[in-house]
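Asks: Structure for this input, please:
(one chain, ligands or ions: 2)
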Amino acid sequence: MKRKIIITCAVTGSIYTPTMSPHLPVTGPEIATASIDAAEAGAAIIHLHARDPENGKPSADVNHFHGFIPQIHQASDAVINISTGGSSLMTLDQRLAPARHIKPEMCSLNMGSMNFGIFTLKNRFKEWQHDWEPALLDATRDTVFKNTYDDIETILSDLGDKDGARFEFECYDLGHIETLAFYLRQGLVKAPLYVQFVLGVMGGAGASPENLMTMKAAADRLLGDTYQFSVVAAGSKQIPLATLGVILGGNVRVGLEDSLINTEGVLAKSSAEQVTKIRTIIEALGYEVASPTEVRELLELKGRDNIRT
Ligand code: KMH
Ligand code: ZN
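Replies: Numbering: from 1, shown residues only. Ligands and ions are numbered 1, 2, ... in the order given. Sure, this is the predicted structure:
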């Protein structure tokens, strides 16, 4: 039987800003369409953030999530995965409000505090559509993306134990894998773990094949057969490192949250375009993409009817 590869698509996020690409979805209908199109192209999991529809600023307002969650849930079978990372400028309570309300099948869980530098993106543009864009980028010079042990345990207990979500464990460096292994030993997390190796964020491991292989080796040693992994690389290495992830036995994440391009110097017109590209590679390598139903089985999710839309 052919191995099934899980494609996650993250359609908007909080790294890039509207000036950087006219294709970045901002309003509820735009985020809904981007998600539904990505699911139709082969993404089984949609990783979601919201933005203020007036100006595109990253938002954790539950009302902004209501602008696209019901539409996605109605039009698609894809697994809805709500970010608990939000943006590094939000408080933990702000970040958790959407997932606490929607009680999704999956949510992200960032496995350690870190610098999350996006200020270098500022040099690429001279004029901005909104004042908040350069201000937000600059603010990451002196902000910590806070994910303390207390924060992690709050998310595990409130969204996991209480609401039945399973997690996309976002690991940006070796220490984050060690932290996940600590919680595995403590019995606070259980198999099957879904580990996202996140490469290319300034402050975490860079987007290189060597770093990916080092992280996989560490996870094999520390997590054994309790885990499956996926690869997301922020920036221009998104597709190359996702491809390496597939070759190494893993799954992939693409989408405009983490990379605005299709190929070097060419903006992607949609997240679905990136899904189609990685799907073509997956199938050319002799694998198949996993359906949402298969993902629910593989990751032991609670089911699409058990979320609040
Ligand atoms: N865009 C990723 C590098 C989250 O949503 O929890 C970070 C992320 C965090 O996906
Ligand atoms: Zn995210």
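Asks: Which element, helix or strand, includes Gln74?
Replies: Taking DSSP states H and E as the criterion, Gln74 maps to helix 69-75.
Asks: Point out the residues in the protein that sit beside ligand 2.
Replies: By the rule C-beta under 5 Å from the ion, the part of the chain lying against ligand 2 is Gly13, Ser83. Backbone N, C-alpha and C define where each C-beta goes, glycine included.
Asks: Helices along the chain, start to end?
Replies: 28-41, 62-65, 69-75, 92-102, 132-139, 149-155, 174-186, 209-223, 238-247, 271-284, 292-298 (DSSP state H).
Asks: Format the ones you listed as CSV; extra columns: mean neighbour count.
Replies: Shown next, in CSV, are the helices of the chain (neighbours: other C-beta atoms under 10 Å):
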stretch, mean neighbour count
helix 28-41, 22
helix 62-65, 18
helix 69-75, 18
helix 92-102, 20
helix 132-139, 17
helix 149-155, 17
helix 174-186, 18
helix 209-223, 17
helix 238-247, 21
helix 271-284, 21
helix 292-298, 17
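Asks: What count of nearby residues applies to the residue of the stretch 51-200 of the chain found nearest ligand 2?
Replies: When scored by C-beta to the ion, the stretch 51-200 of the chain has Ser83 as its residue closest to ligand 2, at 4.1 Å. The tally of other residues near Ser83 (other C-beta atoms under 10 Å) stands at 28.
Asks: hang on, the earlier thing: of all the helices of the chain, which lies closest to ligand 1?
Replies: Of all the helices of the chain, helix 92-102 sits nearest to ligand 1, with 8.0 Å by C-beta to the nearest ligand atom.
Asks: packing partners for the closest one?
Replies: Packed against helix 92-102 by the contact rule (3 or more C-beta pairs under 8 Å, 6 or more residues apart in numbering; DSSP states H and E) you find helix 62-65, strand 79-82, helix 149-155.
Asks: Tabulate the ones you listed (CSV), appending distance to ligand 1 and mean pLDDT.
Replies: Formatted as CSV, the helices and strands packed on helix 92-102 follow (distance: least, C-beta to the nearest ligand atom, whole Å; pLDDT from 0 to 100):
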stretch, distance to ligand 1, mean pLDDT
helix 62-65, 13, 98
strand 79-82, 9, 98
helix 149-155, 10, 98
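Asks: Format the ones you listed as a markdown table; extra columns: distance to Arg304.
Replies: Converted to a markdown table, the helices and strands packed on helix 92-102 look like this (distance: least, C-beta to C-beta, whole Å):
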| stretch | distance to Arg304 |
| --- | --- |
| helix 62-65 | 16 |
| strand 79-82 | 7 |
| helix 149-155 | 21 |
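Asks: ok so, going back, so for the helix holding Gln74, mean pLDDT?
Replies: For helix 69-75, the mean per-residue pLDDT is 98.
Asks: chain center to it: distance?
Replies: Chain-centre distance of helix 69-75: 19 Å, with C-alpha atoms, centre = their mean, to the nearest Å.
Asks: who touches it?
Replies: By C-beta atoms under 8 Å, 6 or more residues apart in numbering, the surrounding residues in contact with helix 69-75 are 28-29, 32, 35-36, 39, 46, 48, 78, 80, 102, 304, 307, 309.
Asks: Save the helices of the chain as TSV, and put in distance to Lys126 too.
Replies: Shown next, in TSV, are the helices of the chain (distance: least, C-beta to C-beta, whole Å):
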stretch	distance to Lys126
helix 28-41	25
helix 62-65	29
helix 69-75	36
helix 92-102	31
helix 132-139	10
helix 149-155	37
helix 174-186	36
helix 209-223	33
helix 238-247	26
helix 271-284	27
helix 292-298	43
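Asks: right, and the residue of the stretch 51-200 of the chain closest to ligand 2 touches His49 too?
Replies: Yes. The criterion here is C-beta atoms under 8 Å, and Ser83 meets it with His49 at 4.8 Å.
Asks: got any residues that touch both of these two?
Replies: With C-beta under 8 Å, 6+ apart, Ser83 and His49 have common neighbours Gly13.
Asks: so Lys307 makes contact with Cys107?
Replies: Small correction: residue 307 is Ile, not Lys. No. If you go by C-beta under 8 Å, Ile307 and Cys107 don't touch, sitting 10.7 Å apart.
Asks: These two - which one has more neighbours?
Replies: Cys107 (27 against 21).
Asks: Tell me, what's the model's pLDDT at the more buried one?
Replies: 98.
Asks: ok, the residue of the chain found nearest ligand 1 - how many residues close by?
Replies: Relative to ligand 1, the nearest point of the chain is Gly85 (2.3 Å; C-beta to the nearest ligand atom). Applying other C-beta under 10 Å, we find 20 residues neighbouring Gly85.
Asks: Across the sheet, point out what pairs with the nearest residue to it once chain neighbours are set aside.
Replies: Using C-beta to C-beta, 6 or more residues apart in numbering and skipping the chain neighbours, the partner closest in space to Gly85 is Asn110 (5.0 Å). Per DSSP bridges, residues listed as beta-bridge partners of Asn110: Glu170.
Asks: Alright, I will stop here.
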